[in-house]
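here is a sequence together with a model predicted from it:
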Amino acid sequence: MPTTLGELARLVGGDLRGDARIPLTGAATIDVARSGEVTLADNPARARAINACLASAVIASPNVDCGGKPSVVVADVHAAFATAVRHFRPSRVSVRFGISPQALVSSSARLASHVEVHPGATIGDDVDIGAHTTIHSGVRIMAGCTIGSGVTIFPNAVLYEETHVGDRVVIHAGAVIGAYGFGYRQVDGRHQLSAQLGNVKIAADVEIGAATTIDRGTYGPTVIGEGTKIDNLVMVAHNCRIGRHNLICSQVGIAGSTTTGDYVVMAGQVGVRDHVHIGDRSVIGSKAGVSNDVEAGVEMLGAPAVPIRQAKLQMVAVAKLPEMRRQFRILQRQLEELRGEANDADGGLPSEQAA
Amino acid sequence: MPTTLGELARLVGGDLRGDARIPLTGAATIDVARSGEVTLADNPARARAINACLASAVIASPNVDCGGKPSVVVADVHAAFATAVRHFRPSRVSVRFGISPQALVSSSARLASHVEVHPGATIGDDVDIGAHTTIHSGVRIMAGCTIGSGVTIFPNAVLYEETHVGDRVVIHAGAVIGAYGFGYRQVDGRHQLSAQLGNVKIAADVEIGAATTIDRGTYGPTVIGEGTKIDNLVMVAHNCRIGRHNLICSQVGIAGSTTTGDYVVMAGQVGVRDHVHIGDRSVIGSKAGVSNDVEAGVEMLGAPAVPIRQAKLQMVAVAKLPEMRRQFRILQRQLEELRGEANDADGGLPSEQAA
Amino acid sequence: MPTTLGELARLVGGDLRGDARIPLTGAATIDVARSGEVTLADNPARARAINACLASAVIASPNVDCGGKPSVVVADVHAAFATAVRHFRPSRVSVRFGISPQALVSSSARLASHVEVHPGATIGDDVDIGAHTTIHSGVRIMAGCTIGSGVTIFPNAVLYEETHVGDRVVIHAGAVIGAYGFGYRQVDGRHQLSAQLGNVKIAADVEIGAATTIDRGTYGPTVIGEGTKIDNLVMVAHNCRIGRHNLICSQVGIAGSTTTGDYVVMAGQVGVRDHVHIGDRSVIGSKAGVSNDVEAGVEMLGAPAVPIRQAKLQMVAVAKLPEMRRQFRILQRQLEELRGEANDADGGLPSEQAA
């Protein structure tokens, strides 16, 4: 049974602009919305796309011109649209397993109330898990780990021994926390692994993406600071100490013992060398290669990374270099010609070039 | 018991060139083949390597000069050589588990005929799996997923809720489909995760490499088009719509909401920014960083990526830049010298440099 | 009960410099050590940091000036400090499972003495495992694999069929060994997968990082040579033959059929194209893109990679290019001015520019 536009306006607490009786059967973004669906427009630049799209109605910001398309105007478009999406496609009621009898839980593990351990998960000796935490299937939590409350660990993630995880942390599928650091010294022509006596400490409200790896410290912890969010396929090496509220995008690699301040942002595929410090609120552009300390508040780009203004000047200069090279050859010939004339005139003074 | 060259020629349906009685015990590529083995040569450039190698015989294209080495000539060397390899090293007969009693299958899951679910796999509520599909050990298929027929999902891959997988798709070990998109907005100094109401839709005949991650859309699906092949350790971010028959090599990262046409090729370690479109049949060279839309049929290279001809001119120019810089300094001195003379001659005209 | 500095000196076999009665309760690195803890100093450059740090004592090399801070002087600081760390924070006694009844072991698998198979691991048909090898939870070893003795395979790693693993190899969590190679040929507009008849052979003493992927060969093996160490999230493509004692850092990607000599080092995020050879003891700098063979003993940097001296000259030249460009424009104007004068003087000789 469809929902009317009027019902939707009431549901999201917005102002109705158009016929309240319009029937709606779904919610979808502009690029894929079909007739009968409601879409969203969060900024004025969407005006043309709204006009062109097949959606029957729009949830829009007050500053968006919907060009006559029926709309519901709200202050927070994304919150309202999320409500609409959930209305048409309700969230699945998640099954509660409690501690599944098919989970493999050590008898020495301590699990608080309302902990969910799904079938096929493994909880090692002396592990401590806080209340309202969910451990999905295939997760491996090795001995001595402590997990806070309200944590979610998605399927097949692995926590090596003594990993500490703060409250409300989310760890996505396939992430590996606490594997050995990549430190070797060569002895008699063979690489000998350094000590692996440290662990990983993840503060509260951190989120860690799928298949991301964070290695243990050599003697002490590798640290991820409170509120920091890490995307998929990121590498954080041994002994790193990442600050609070960082945003670290996909495929970034941070080498050993590097530290970051708070609110640092690293875009995709950035690489940072070992033993450097990235200051508070600095922003490292995608694919940059950071090989030195970065001061607070600086935006860096390029490999090797330099402040973004320099990097852009370099990029423009390189883009124009082939033309500059052509002009340079002309200049060389013209100068040669002029010098020839000058030499003819003055009887042939010796010059550097002629030497 | 060895196979004779004559028997091999009949087996692969090729023309025998040499003594039919030569005994063969194995098949291996030129670089590692030993005496008693047959190797392959698929193009004339291999002639010298064939001569030098230890193999006792060659399966060769008609246009390859085998220099007297006994051979079997065929039109499709790779098909014939694969037959030879399988002859000497027969494929393992795979055990049929049916639905293993050690798999963890929800009672509300619907499994068609001839579905294989290996021990230790997990199938969630309301999951729908088509005929002749194989789910390996440790695979986690969360609630509401639909899997087509003839699909293979290798060990420990993870499919989050509501992932849709088309017919004949292959998903390799450790791949993670449907984890949360990396979208945040800052509220009171903390990063707040965006809505995660979408899912991932994978069309027919797609192949997805080991430890590759494809994030769910914000409100709707992230889409992988029919016949597209994705290598290992690739990142496809939320809301992306990848076209049909793309080839996406290892360690490529594609940021959020980016779309590609059909037959796009991306080489290893390419990065593509968010919200751009890559046109049909364009080719992005390895390590390129794409920061703008790419038109159809264009080959791009470099970071930032530009059409390949430009990129190569830039690379040549940069390679020669240190020498150009040296010559530039000479030119500066020579010009200074000439201008000094000119100034002497005309009584010292003011110049920009002298200012 | 604290340990005294004197006891610690005896424990690590070092020379005591200071009050033997100082009580110690832990061991930590300089940046995080607190009062009551012992720290380490492995080179003279640490002198200032030691002075400033809160640690109550230092385990130091003979050549380090500890500035009056109580110390224990030893030849091998790292070995001694590791002993101290283990003293204060003893290693967990690992539980012996033997062959866990909750592991899924094929009846045709052959397991030597003292093999550990943890709960939830899967061992396929005809698998052969050597003595004193440990297989962690969730590891999937498919049919026909052979695993040496003294091997450790961490949770959720996956070995496809016929993978061969040498003695004392360590494979970290989530690694995928033997997935299909990424080789296709286009037939009637569709990508057709090449033969996947090969496997992966890993020699003795190799270590493989978390979520690293090594693809099987087309007809024969992909090979990792003895003693080679591979970090996390690395991609080694089909048919590669990696030499002995290589060090391959995180997020490196090596394309198909490439080979390396012995003692090659690749820093983070390096990419190497297919079908090239990297000579013995060459070093590839971080983020380099190798597109040609590399001779033995050469250090390479940049994308495309060139010998490091050239690469650094290029980087310096590019950094100074915007300024050079500005000077170049001045030069152009000055030359134009001079030529104007010259032309005025000689009656206007024709020049290339004027043509």
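That came in fine, so what should we check first?

switch to C-alpha atoms for all contacts and neighbour counts from now on
Will do.

got the domain boundaries for chain A?
The record's domain split for chain A, according to automatic domain parsing, is A:3-88, A:157-310, A:320-355.

name the residues of the lowest-mean-pLDDT helix or strand in chain A that come out as buried.
Ranked by mean pLDDT, DSSP states H and E, the helix or strand of chain A with the weakest confidence is helix A:321-346, at a mean of 86. For helix A:321-346, burial by neighbour count (16 or more other Cα atoms under 10 Å in any protein chain shown) applies to A:Leu321, A:Pro322, A:Met324, A:Arg325, A:Phe328, A:Leu331, A:Gln334, A:Leu335, A:Glu336, A:Leu338, A:Arg339, A:Ala342.

how far off centre is it?
In terms of Cα atoms, centre = their mean, to the nearest Å, the centre of helix A:321-346 is found 52 Å from the chain centre.

out of the buried residues of helix A:321-346, which touch chain B?
When Cα under 8 Å from any Cα of the partner chain is applied, the members of the buried residues of helix A:321-346 adjacent to chain B are A:Leu321, A:Pro322, A:Arg325, A:Leu335, A:Arg339, A:Ala342.

surely the fifth one meets B:Leu338?
Yes: with contacts counted by Cα atoms under 8 Å, A:Arg339 reaches B:Leu338, the gap being 7.2 Å.

tell me the confidence at A:Asp76?
The model reports A:Asp76 with a pLDDT of 94.

residues contacting it?
Under the criterion of Cα atoms under 8 Å, 6 or more residues apart in numbering or on different chains, the neighbours of A:Asp76 are A:Ser61.

next one: it from A:Val12, what distance?
Distance of A:Asp76 to A:Val12, computed by Cα to Cα, to the nearest Å: 10 Å.

do A:Ala33 as well
According to Cα to Cα, A:Ala33 stands 19 Å off from A:Val12.

kindly report the residues of chain A close to chain C.
A:104, A:120, A:122, A:138, A:140, A:156, A:158, A:174-176, A:179-180, A:182, A:190-191, A:195, A:197, A:211, A:213, A:219-220, A:233, A:235, A:251, A:253, A:255, A:271, A:289, A:313-314, A:317-318, A:330-331, A:334-335, A:338.

ramachandran coordinates for the residue sitting nearest the centre point of chain A?
When Cα atoms, centre = their mean is applied to chain A, the residue found nearest the centroid is A:Cys249 (2.8 Å). Backbone torsions for A:Cys249, taken as degrees, to the nearest 10, come to phi -80, psi 180.

that one reaches A:Gly268, doesn't it?
Yes: here A:Cys249 reaches A:Gly268: they are 4.9 Å apart, a contact under Cα under 8 Å.

any idea how many residues pack against A:Ser91?
Counted with other Cα atoms under 10 Å in any protein chain shown, the neighbours of A:Ser91 add up to 10.

how about the secondary structure of it?
At A:Ser91 the chain is in coil, as set by DSSP: H, G, I helix; E, B strand; the rest coil.

please report how far it lies from A:His114.
To A:His114, A:Ser91 is 21 Å away according to Cα to Cα.

again, but for A:Asp188
54 Å.

check A:Gly181 too.
Between A:Gly181 and A:His114 the computed distance is 35 Å (Cα to Cα).

please apply the same query to A:Val270.
A:Val270 sits 40 Å away from A:His114, going by Cα to Cα.

nearest residue to A:Pro62 in space, please, no chain neighbours.
Nearest residue to A:Pro62, sequence neighbours excluded (Cα to Cα, 6 or more residues apart in numbering or on different chains): A:Val73, at 5.8 Å.

residues contacting that neighbour?
A:Val73 sits next to A:Gly14, A:Asp15, A:Leu16, A:Arg17, A:Ile59, A:Ala60, A:Ser61, A:Pro62 when contact means Cα under 8 Å, 6+ apart.

rerun at 10 Å
Shown in contact with A:Val73 (Cα atoms under 10 Å, 6 or more residues apart in numbering or on different chains): A:9, A:12-17, A:40-41, A:58-64, A:66, A:80.

also A:Lys287?
Contacts for A:Lys287 (Cα under 10 Å, 6+ apart) come out as A:251-252, A:266-271, A:301-305, B:269-271, B:287-289, B:303-304, C:287.

please redo it, this time with the cut-off set to 6 Å
Each residue near A:Lys287 by Cα atoms under 6 Å, 6 or more residues apart in numbering or on different chains is listed here: A:Gln269, A:Val270.

and A:Gln314, by the same measure?
When contacts are counted by Cα under 6 Å, 6+ apart, A:Gln314 is found next to C:Pro322.

orientation of the helix or strand where it lies relative to helix C:321-346 in degrees?
Here A:Gln314, judged by DSSP states H and E, is contained in helix A:308-319. Going by axes from the mean of the first three to the mean of the last three Cα atoms, to 10 degrees, helix A:308-319 is angled at 50 degrees with respect to helix C:321-346.

could you give the separation of helix A:308-319 from the chain centroid?
Distance, stretch centre to chain centre, for helix A:308-319: 26 Å (Cα atoms, centre = their mean).

circling back: so between A:Val270 and A:His114, which is more surrounded?
Looking at A:Val270 and A:His114 with other Cα under 10 Å, you find the greater number of neighbours at A:Val270, namely 27 against 17.

got phi/psi on that one?
Main-chain dihedrals, A:Val270, degrees, to the nearest 10: phi -70, psi 150.

any idea how far A:Glu207 is from it?
For A:Val270 relative to A:Glu207 (Cα to Cα), the value is 19 Å.

A:Arg17 now?
Relative to A:Glu207, and taking Cα to Cα, A:Arg17 is found at 39 Å.

which of the two has more neighbours?
Legend: neighbour count by other Cα under 10 Å for A:Arg17 and A:Glu207, higher for A:Glu207 (26 against 18).

might one say that the more buried one is in contact with A:Lys229?
Yes: with contacts counted by Cα atoms under 6 Å, A:Glu207 reaches A:Lys229, the gap being 4.8 Å.

before we move on, back to that, what subset of the contacts of A:Val73 is buried?
Neighbour-count burial within the contacts of A:Val73 applies to A:9, A:12, A:14-17, A:40-41, A:58-62, A:64, A:66, A:80; the criterion is 16+ other Cα under 10 Å.

related to what we said a few turns ago, filter the contacts of A:Val73 down to the ones in helices?
A:Ala9, A:Val12, A:Ala80 (DSSP state H).

what residues does the stretch 251-355 of chain A have near chain B?
The stretch 251-355 of chain A has residues A:Pro322 near chain B, with proximity defined as Cα under 6 Å from any Cα of the partner chain.

specify the beta-bridge partners of A:Arg241.
For A:Arg241, the beta-bridge partners are A:Val223, A:Thr259 (DSSP bridges).

neighbours of it, how many?
23.

what of the one 3 residues further on?
Around A:Arg244 sit 23 other residues, with neighbours defined as other Cα under 10 Å.

wait, it sits on A:Glu226?
Yes: using Cα under 6 Å, A:Arg244 makes contact with A:Glu226 at a distance of 4.7 Å.

which residues are in contact with each of A:Arg339 and B:Leu338?
Counting by Cα under 6 Å, 6+ apart, A:Arg339 and B:Leu338 have no common neighbour.

I'd guessed A:Ile248 sits against A:Asn232; true?
No: taking contacts as Cα under 6 Å, A:Ile248 lies outside contact range of A:Asn232: 9.2 Å.

between those two, which one's more packed in?
A count of neighbours by other Cα under 10 Å puts A:Asn232 above the other of A:Ile248 and A:Asn232, at 36 against 27.

next, the more buried one: secondary structure please.
Using three-state DSSP, the structure places A:Asn232 in coil.

ok, for it, nearest residue in space, not its chain neighbours?
The shortest distance from A:Asn232 to any residue other than its chain neighbours is 4.1 Å, reached at A:Gly209 (Cα to Cα, 6+ apart).

and for that neighbour, the neighbour number?
Close neighbours of A:Gly209, defined as other Cα under 10 Å, add up to 28.

check A:Val236 too.
A:Val236: 30 neighbours (other Cα under 10 Å).

spell out, range by range, the helices that occur in the stretch 101-250 of chain A.
Using DSSP state H, counting those that start in this stretch, no helices are assigned anywhere in the stretch 101-250 of chain A.
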